[in-house]
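**Q** what would the 3D arrangement of this be:
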Amino acid sequence: MSEDQSTPGEASGLVSNTYFLQPGYIFVAVTPTQISTVLGSCVGVSLYDREHQFGGMNHFQLPIHADKSDSTARYGNVATVALIKMMLNEGSSLKRLEAQLLGGAHNPEISPRNIGRENVEVARKILAKAGIKLVSEDVGGEKGRKIVFNTSNNELAVIKVDKLRKSDWFPYEGDR
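**A** Residues are numbered from 1 along each chain as shown. Predicted structure coming up:
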């Protein structure tokens with residue numbers, strides 16, 4: 001081993017665990033993990049604890065749902081609060097968390113309602129209310145996004161695409 005006692009890959013931020021985040025799901029990883037997802041009008045919020053170097057992400061489809069009997073992570077008001085609570089349950093604190101906000105595209109040919117913008121707004125409000133610093137965002141527009149988030153160092157890659165293909169979704173098929 002080198003003088004800093006890190007193993008190969010550890011120092012460079014490489015991870016061996018991967019997780020594909022489906023719509024309506026939340027995932028928090030205390031071990032280094034690469035979370036990937038695909039967003040159109042959906043929004044993903046990633047949270048990272050800089051001191052403990054771990055993170056998590058949600059992927060929600062719709063902004064708000066008030067019916068507590070049907071409160072699922074498909075809704076931004078539920079998914080974002082739940083992600084924060086999951087991070088706190090793993091030992092983080094609000095003052096150490098930082099967020100990245102992604103997605104929220106709008107295709108006016110599909111719907112006149114801009115659900116993407118509504119999704120972004122709900123996430124911003126919840127993060128602000130919790131006092132979580134928003135350090136990066138890539139939101140809006142008309143393009144879909146492929147996202148890869150490294151939970152060990154808060155690096156996040158965004159690939160914008162004109163079309164989201166079936167092969168973009170796990171399990172991956174064909175040319176992506």
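**Q** can you map out the strands along the chain?
**A** Applying DSSP state E to the chain gives strands spanning 17-20, 25-29, 33-39, 43-49, 54-60, 97-103, 133-139, 144-150, 155-161.
**Q** which strands or helices does the last one pack on?
**A** So that's strand 155-161. strand 97-103, strand 144-150 (3 or more C-beta pairs under 8 Å, 6 or more residues apart in numbering; DSSP states H and E). From N, CA and C alone the C-beta is placed, and that goes for glycine too.
**Q** who does the residue nearest to Met87 when sequence neighbours are not counted form a beta bridge with?
**A** With C-beta to C-beta, 6 or more residues apart in numbering as the criterion, Met87 has its nearest non-adjacent residue at 5.2 Å, and that residue is Leu47. Taking DSSP bridges as the rule, Leu47 bridges to Gly56, Ala99.
**Q** hang on, Leu47 packs against Gly55?
**A** Yes: using C-beta atoms under 8 Å, Leu47 makes contact with Gly55 at a distance of 5.8 Å.
**Q** any residues in contact with both of the two?
**A** Taking C-beta atoms under 8 Å, 6 or more residues apart in numbering as the contact rule, Leu47 and Gly55 both touch Met87.
**Q** contacting residues for the nearest residue to Arg145 once chain neighbours are set aside?
**A** Sequence neighbours aside, Leu39 is the residue nearest to Arg145 in space, at 4.7 Å (criterion: C-beta to C-beta, 6+ apart). Applying C-beta under 8 Å, 6+ apart, one finds that Leu39 lies in contact with 59, 102-105, 144-145, 147.
**Q** longest helix in this protein, please.
**A** helix 115-130 (DSSP state H).
**Q** residues of it that come out buried?
**A** Residues 115-124, 126-127 are the ones in helix 115-130 that count as buried (16 or more other C-beta atoms under 10 Å).
**Q** same question for stretch 64-81.
**A** 73-81.
**Q** also stretch 53-61?
**A** 54-61.
**Q** nearest to Gly91, of those residues?
**A** Nearest to Gly91, judged by C-beta to C-beta, of the buried residues of stretch 53-61 is Phe54 at 8.6 Å.
**Q** in space, what's closest to the closest one - neighbours in sequence excluded?
**A** Closest to Phe54 by C-beta to C-beta, 6+ apart is Val30, at 4.6 Å.
**Q** low pLDDT regions in the protein?
**A** 1-15, 164-176 (pLDDT under 70).
**Q** returning to what we had before: Asn17 is nearest to which of the helices and strands packed on strand 155-161?
**A** Evaluated over the helices and strands packed on strand 155-161, closeness to Asn17 peaks at strand 144-150, with 10.5 Å, by C-beta to C-beta.
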